[in-house]
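S.K.: here you go, sequence then predicted model.
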Amino acid sequence: MSLSLSTEVSDISKVGKTIAGRLKKLGILNVEDLIFYYPFRYQDFSQVSKISELNPAESLATIKGKIEIIENRRSWKTRKTLTEGLVSDGSGSIKVIWFNQPFLTQLLKTGDEIYLSGKINFDRYGPQLVNPIHEKAKSETIHTARIVPIYPLTDRLTQKQIRWLIKVSLSVVGQFKDWLPESIKQSLKLYPLSQALNTIHFPSDQNSLDKAIERLKFDELFLFLLQSQLIKKELKSAKAHPINFLEESTKEFVDSLPFSLTNDQKKASWQILQDLLKSQPMNRLLEGEVGSGKTVVAAVSILNTILNKYQGVLMAPTEILADQHFKKIVDLFSLSKIKNQPQINIALLTRSNQRIGTELSTKGEILKKIKSGEIDLLISTHSVIQPGVEFKNLALVIIDEQHRFGVEQRKILHHKGVTKGFSPHFLSMTATPIPRSLAITLYGNLDLSIIRELPKERKKIITKIVDPIGRQKSYDFIRQEILSGRQAFVICPLIDPSDKLGVKSVTEECKRLKEDVFPEFEIAILHGKLKPLEKERIMADFLAGESQILVATSVIEVGIDVPNASIMLIEGAERFGLAQLYQFRGRVGRGKFQSYCFLATEKSGQKINARLDALITAKDSFELAELDLKLRGPGEVFGISQSGWPTFRIASLFDYHLIGLAKEEAEKILLVDPQLKNQPLLKDKIEQLNSDIHPE
């Protein structure tokens, strides 16, 4: 059959239901998904060597030769089947060995000309290739004699299978409409889209690969920043209800708190209250240190909104975070001692929890009271954007970790608040540290408030680097803490033990800890492949103290608040960026107990130690974010998905130069064509992106 971008993978020749099922695990359903499934690294087999020129200093090599002999035999020692061959190229001969691949004698015959790429061993008889990649010599190779793409895989799917499928799929790459304006491509000398997509998979050389990566990164950044500028224009033309600052009531509320606001909290609160006074919708980002008290700042704005007889909504990315916000804000308002304070009704609406204040409720009752205006503040997950949630007079929308929600989700929430031509004020909150200069560039449509100070009662987390020799001591310490009633996080970089980089995975580490290290404790496992309800249950159990150790991936990076957890052990700490390590560490130290963070390393070196030492010495996360930007640079995070803020397939927050170019081009386009009337392909692309909703 002829292929198109929408052709399902199961309809591609030689792809059955089994392979289609494995591809589905990678999120690949059709030909378009295959084309946008980028390699995460490459092996350079482009240099073809003569057999006579091979030397022990080379670990990997590619040769081209003719098969002189190929046959199977059984090893008398291991009883494994060996396929042995002799390959010559005119300059010499080399022995080739494959293990447990007897079918090769059916595929490869004496006289066949082949390419071989792989590891070279030298013994007293000369060089030999062990388990090399093979490919019959032809004009264009896929697996050898070139820069070879390496893709993320799932169980029982091979690199050869996915390369072949992508090669087949690229035959229809011309069906993509290149939506990027010609003027931008010409001025920045960017590849056409089809050329970039072909090259990202099968580059002819490093220079062309770099150019392909540049085009595809630019696309993601440009679209994101163009969306941001369009939102800014839309908000500028909107009207909002001014919310009067009730100074006396606000002072009474703040004075009744069991703690004093820090200077940064006071400043951020004042900036927000000044925005709320305006008849134009506030669009502010509140960026705060982990545990810096963003919730109480949000509570001040919520209080003024409610006392002005308007409704507010706080949307969190997970049920656990929504529950945490609900409990904190209910507690804060229960302490309030405002003269003649009216009854404040706060509701929680999630899939598994519906409450109004301290009382259990039902979804139906909550929806009815939101619509009538009886609910002053709704705290919810993305459930709040579902049909049926209608407000009477919504004037304030607060989104926690706003990067976890799609653009369209935020737009739906915005439109829910539009009543009689008035739009709600928007406050976004994040604990993800990002340099101010980069935040301004990325989020030009947002005003920034930053909280750096931590409350005075917070204890500094003791952070130590642990090498393999000191591992047992750290385990002994963790045991004593747990026996004292505390809990611990163990963070691993990967989910499955199939990783070729030797980095510990959560599955194998959880098994090892259960069997060999802490058999006396209850250990739970948490990672991104679990279903949302399962994640929620595991975290709820950990919060309730039913498990003592939680082994997790970076899924716990943002927002999880377990006051009883006092220890964080981060495996393969050198694999994470500084800002991310800081976020991990922020999951402990949230209660009254002294907390500890152990950075367990598998590699050492001056550069690694300098980075990790910075985590110990830096005064705050913003200093770390600046340092991370300098140390990692734009190239080192290619292929590694970053957590927090925009999620890109290939671009990174560290592509600072490209971000600047993309922002500049987005502004230029909208300056001369604010409605994109002269750019129909680009307009269609933006509308397509806006229609994609990705609930977390």
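M.R.: Cool, got the structure. Note that the structure is a prediction, hence the values are computed from the model and not measured.
S.K.: so who does Leu303 touch?
M.R.: With contacts taken as Cβ atoms under 8 Å, 6 or more residues apart in numbering, Leu303 has the following neighbours: 249-250, 253, 333, 336. C-betas here are computed from N, CA, C, even on glycine.
S.K.: those residues: which two are farthest apart?
M.R.: Thr250 and Phe333 (13.0 Å; Cβ to Cβ).
S.K.: mind putting the contacts of Leu303 in CSV, distance to Leu276 included?
M.R.: Converted to CSV, the contacts of Leu303 look like this (distance: Cβ to Cβ, whole Å):
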residue, distance to Leu276
Ser249, 14
Thr250, 11
Phe253, 15
Phe333, 18
Ser336, 19
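S.K.: wait, what's in contact with Gly485?
M.R.: Asn564.
S.K.: specify the next element, helix or strand, located C-terminal of the helix or strand bottoming out on mean pLDDT in the chain.
M.R.: Within the chain, no helix or strand scores below helix 407-416, which has a mean of 63 by mean pLDDT, DSSP states H and E. Counting by DSSP states H and E, the element after helix 407-416 in chain order, helix or strand, is strand 422-423.
S.K.: that older thread, between Thr250 and Phe333, which is the more surrounded one?
M.R.: Phe333 (21 against 18; other Cβ atoms under 10 Å).
S.K.: go through the contacts of Leu303 and flag which are in strands.
M.R.: Judged by DSSP state E, strands contain none of those.
S.K.: nearest to Ala600, of these?
M.R.: Once Cβ to Cβ is applied, the member of the contacts of Leu303 that ends up nearest Ala600 is Phe333, at 42.1 Å.
S.K.: wait, isn't that closest one in contact with Pro342?
M.R.: No: using Cβ atoms under 8 Å, Phe333 makes no contact with Pro342, being 11.3 Å away.
S.K.: quickly note the distance from Arg486 to Ile549.
M.R.: As defined by Cβ to Cβ, to the nearest Å, Arg486 lies at a distance of 10 Å from Ile549.
S.K.: higher neighbour count, these two?
M.R.: Legend: neighbour count by other Cβ under 10 Å for Arg486 and Ile549, higher for Ile549 (25 against 21).
S.K.: neighbours around the closest residue to the more buried one other than its chain neighbours, how many?
M.R.: Using Cβ to Cβ, 6 or more residues apart in numbering and skipping the chain neighbours, the partner closest in space to Ile549 is Ile523 (4.5 Å). Neighbourhood size, Ile523 [other Cβ under 10 Å]: 19.
S.K.: so what's Ile523 up against?
M.R.: 510, 513-514, 547-551.
S.K.: circling back: possible to save the contacts of Leu303 as CSV with distance to His425 and pLDDT?
M.R.: CSV is the format used below for those (distance: Cβ to Cβ, whole Å; pLDDT from 0 to 100):
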residue, distance to His425, pLDDT
Ser249, 18, 93
Thr250, 16, 95
Phe253, 19, 94
Phe333, 20, 92
Ser336, 21, 82
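S.K.: in terms of distance to Ile63, which of those residues ranks first?
M.R.: When the contacts of Leu303 are compared against Ile63 (criterion: Cβ to Cβ), the nearest one is Phe333, at 74.3 Å.
S.K.: ok, back up a step: and the contacts of Ile523, which of them are buried?
M.R.: In these, burial by neighbour count holds for 510, 513-514, 547-551, counting by 16 or more other Cβ atoms under 10 Å.
S.K.: among those residues, name the ones in helices.
M.R.: Cys510 (DSSP state H).
S.K.: TSV for the buried ones among the contacts of Ile523, including distance to Tyr656 and pLDDT?
M.R.: Listed next are those as TSV, based on distance: Cβ to Cβ, whole Å; pLDDT from 0 to 100:
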residue	distance to Tyr656	pLDDT
Cys510	37	90
Leu513	39	94
Lys514	43	94
Ser547	41	94
Gln548	42	96
Ile549	38	96
Leu550	35	94
Val551	34	92
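S.K.: which one among the buried ones among the contacts of Ile523 gets closest to Ala322?
M.R.: Of the buried ones among the contacts of Ile523, the one sitting nearest to Ala322 (Cβ to Cβ) turns out to be Leu550, at 19.8 Å.
S.K.: the closest one touches Glu522, doesn't it?
M.R.: No: here Leu550 does not reach Glu522: they are 9.9 Å apart, not a contact under Cβ under 8 Å.
S.K.: buried ones in stretch 600-614, by neighbour count?
M.R.: 600-602, 608, 611-612, 614.
S.K.: point out the ones among the residues you listed that are inside strands.
M.R.: Ala600.
S.K.: just curious, which of the buried residues of stretch 600-614 is nearest to His201?
M.R.: Closest to His201, out of all of the buried residues of stretch 600-614 and judged by Cβ to Cβ, is Glu602, at 31.1 Å.
S.K.: please name the nearest non-neighbouring residue to that closest one.
M.R.: Nearest non-adjacent residue to Glu602 (Cβ to Cβ, 6+ apart): Gly572, at 5.6 Å.
S.K.: now for that neighbour, how many residues are close by?
M.R.: 22.
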